[in-house]
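> Starting from these lines, generate the structure:
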Amino acid sequence: MKVYLSVLLILISFLGCQKQERVSEGMPPPPAAPVTASEAAPNPSPGNPHSSGPPVPSSGAPVPFMQKLAEYKTRLEKNPKDIEALVFLANANFDIQRYEKAKEFYLKALEVDPDNAHVRTDLASSYRNMGDSDQALNELNKVLKTDPNHEVALYNSGIILLNDKDDTKKAISAWEKLVQLKPNDPLSTELREKIQELRKGPTPVVKENPPKAHP
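Okay, the predicted model is just below:
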């Protein structure tokens with residue numbers, strides 16, 4: 001997924017099965033066509049970088065990506081409300097930077113399960129990668145209203161508030177809450193340093209991580 005490697009590796013341990021909101025600086029490339037079962041797809045990376053997503057099997061040989069893609073596509077044709085299939089296809093499109101199509105699948109998933117905080121966090125990442133930071137922040141605020149301790153939403157809120165909204169105070173507030181939730185995590189150590197730099201000024205550059213808050 002997206003701009004990151006060292007920070008992303010830290011975040012994987014920090015967030016466990018959840019995906020970090022991964023968002024690149026600047027405008028993303030125009031959305032391409034949606035993923036279909038007939039297209040070649042990139043090899044999936046170990047684990048799932050999104051907040052939302054189907055569970056990863058604990059045993060057995062991994063299923064080839066294209067096989068899974070075809071299976072979920074068939075499932076969705078049979079049942080348009082198959083949320084696992086919707087989320088899988090959303091994540092697959094997100095991972096190859098087809099954010100517009102990913103957004104469509106996330107929205108359909110939320111029609112089925114409107115209280116799914118992980119899916120909504122990933123939807124926010126899609127909006128932000130499409131250049132709509134306002135809507136991204138709006139979706140993250142919805143998540144945090146129902147789950148004030150949602151770690152991915154807190155982290156990504158800080159990213160948007162700092163980099164897109166130039167609201168250092170609110171960014172610090174979001175990250176301080178995240179540090180309180182995971183005081184001994186390596187990411188918290190890094191965030192403490194960034195918070196101190198922000199309070200001193202000038203604004204430091206904060207590395208961003210690939211969005212879809214999926215496990």
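> Can you tell me the element residue 115 falls in?
Assigned by DSSP states H and E, residue 115 belongs to neither a helix nor a strand.
> burial of the nearest residue to it once chain neighbours are set aside, as a residue count?
Leaving aside its sequence neighbours, residue 115 sits nearest to residue 146 (C-beta to C-beta, 6 or more residues apart in numbering; 6.9 Å). The C-beta positions use only the backbone N, C-alpha and C, and glycine is treated the same way. Residue 146: 11 surrounding residues under other C-beta atoms under 10 Å.
> And residue 146, how far from residue 116?
Per C-beta to C-beta, to the nearest Å, residue 146 is found 10 Å from residue 116.
> got any ranges where the chain has weak pLDDT?
Scanning the chain for pLDDT under 70 picks out 1-49, 53-62, 202-215.
> now the helices: where do they sit in it?
For the chain, the helices defined by DSSP state H occupy 5-15, 65-78, 83-95, 99-112, 117-129, 133-146, 151-163, 168-181, 186-200.
> Ok, which of those helices comes nearest residue 51?
Nearest to residue 51 among the helices of the chain is helix 117-129; the distance by C-beta to C-beta comes to 3.7 Å.
> what about dumping the CA coordinates of that closest one to CSV?
Included here for helix 117-129 are C-alpha records, laid out as CSV according to Å, rounded to 0.1, in the frame of the first residue of the first chain:
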residue,chain,number,x,y,z
ALA,A,117,-16.2,1.5,12.2
HIS,A,118,-13.4,-0.2,10.3
VAL,A,119,-15.1,0.1,6.9
ARG,A,120,-15.9,3.7,7.6
THR,A,121,-12.3,4.4,8.5
ASP,A,122,-11.2,2.9,5.2
LEU,A,123,-13.8,4.9,3.4
ALA,A,124,-12.3,8.0,4.9
SER,A,125,-8.9,7.0,3.5
SER,A,126,-10.4,6.6,0.1
TYR,A,127,-11.9,10.1,0.3
ARG,A,128,-8.6,11.6,1.4
ASN,A,129,-6.7,9.9,-1.4
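> sorry, back to before: so of the helices of the chain, which one's packed in deepest?
The highest mean neighbour count among the helices of the chain, using mean count of other C-beta atoms under 10 Å, belongs to helix 117-129: a mean of 30.
> can you give me the angle it makes with helix 151-163?
Interaxial angle, helix 117-129 versus helix 151-163 (axes from the mean of the first three to the mean of the last three C-alpha atoms, to 10 degrees): 20 degrees.
> Remind me what helix 117-129 packs against, helices and strands.
Packed against helix 117-129 by the contact rule (3 or more C-beta pairs under 8 Å, 6 or more residues apart in numbering; DSSP states H and E) you find helix 83-95, helix 99-112, helix 133-146, helix 151-163.
> Residue 68 reaches residue 88, doesn't it?
Yes. Residue 68 is within contact range of residue 88, at 7.1 Å (criterion: C-beta atoms under 8 Å).
> Show me whatever sits in contact with both of those two.
With contacts defined as C-beta atoms under 8 Å, 6 or more residues apart in numbering, no residue is shared by residue 68 and residue 88.
> Would you list the phi and psi of the closest residue to residue 133 other than its chain neighbours?
Of all residues not flanking residue 133 in the chain, residue 164 sits nearest, at 4.0 Å (C-beta to C-beta, 6+ apart). When quoted as degrees, to the nearest 10, the phi and psi of residue 164 stand at phi -100, psi -30.
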